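Trainee: Just need the structure, nothing else, for what follows:
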Amino acid sequence: MARIQLAPDIEFKMDIELKEIDAGTRDYDVQQYKKEILAVFNDRLKRAFPEGFKISSIEFGLDTGWHEELKLPGDDSPVVT
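Mentor: Sure thing, here's the model as predicted:
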């Protein structure tokens, strides 16, 4: 087995239910939920990479919709890049 290390600069879209947070919420308010967001994110990473992972830094903010630009007109499927 080979051990591989990747260090990409990646943005993730993550749907998560948080009270008082919606599309009109300011980024500042999202910052107040870092602990809850990070717990969900870490749980997903543990399932995806059971061998282990390391996070060097994290920035929190609302989805800006950049991924929607990758869709073709009429395509309602989720974007996976």
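Trainee: Skipping adjacent residues, who's closest to the residue most central in space within the chain in space?
Mentor: Nearest to the geometric centre of the chain sits residue 12, at 3.2 Å (C-alpha atoms, centre = their mean). Excluding its sequence neighbours, the residue lying closest to residue 12 (C-beta to C-beta, 6 or more residues apart in numbering) is residue 41, at 7.5 Å. All C-beta spots, glycine's among them, are computed from the backbone N, C-alpha and C.
Trainee: What segments of the protein are helices?
Mentor: For the chain, the helices defined by DSSP state H cover 27-31, 34-48.
Trainee: would you turn these into TSV with distance to residue 58, mean neighbour count and mean pLDDT?
Mentor: Converted to TSV, the helices of the chain look like this (distance: least, C-beta to C-beta, whole Å; neighbours: other C-beta atoms under 10 Å; pLDDT from 0 to 100):
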stretch	distance to residue 58	mean neighbour count	mean pLDDT
helix 27-31	11	12	75
helix 34-48	7	12	87
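Trainee: Next, format those as CSV and append distance to residue 17.
Mentor: Converted to CSV, the helices of the chain look like this (distance: least, C-beta to C-beta, whole Å):
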stretch, distance to residue 17
helix 27-31, 13
helix 34-48, 10
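Trainee: before we move on, back to that, what's near enough to touch the residue nearest to residue 12?
Mentor: 12, 14, 58 (C-beta atoms under 8 Å, 6 or more residues apart in numbering).
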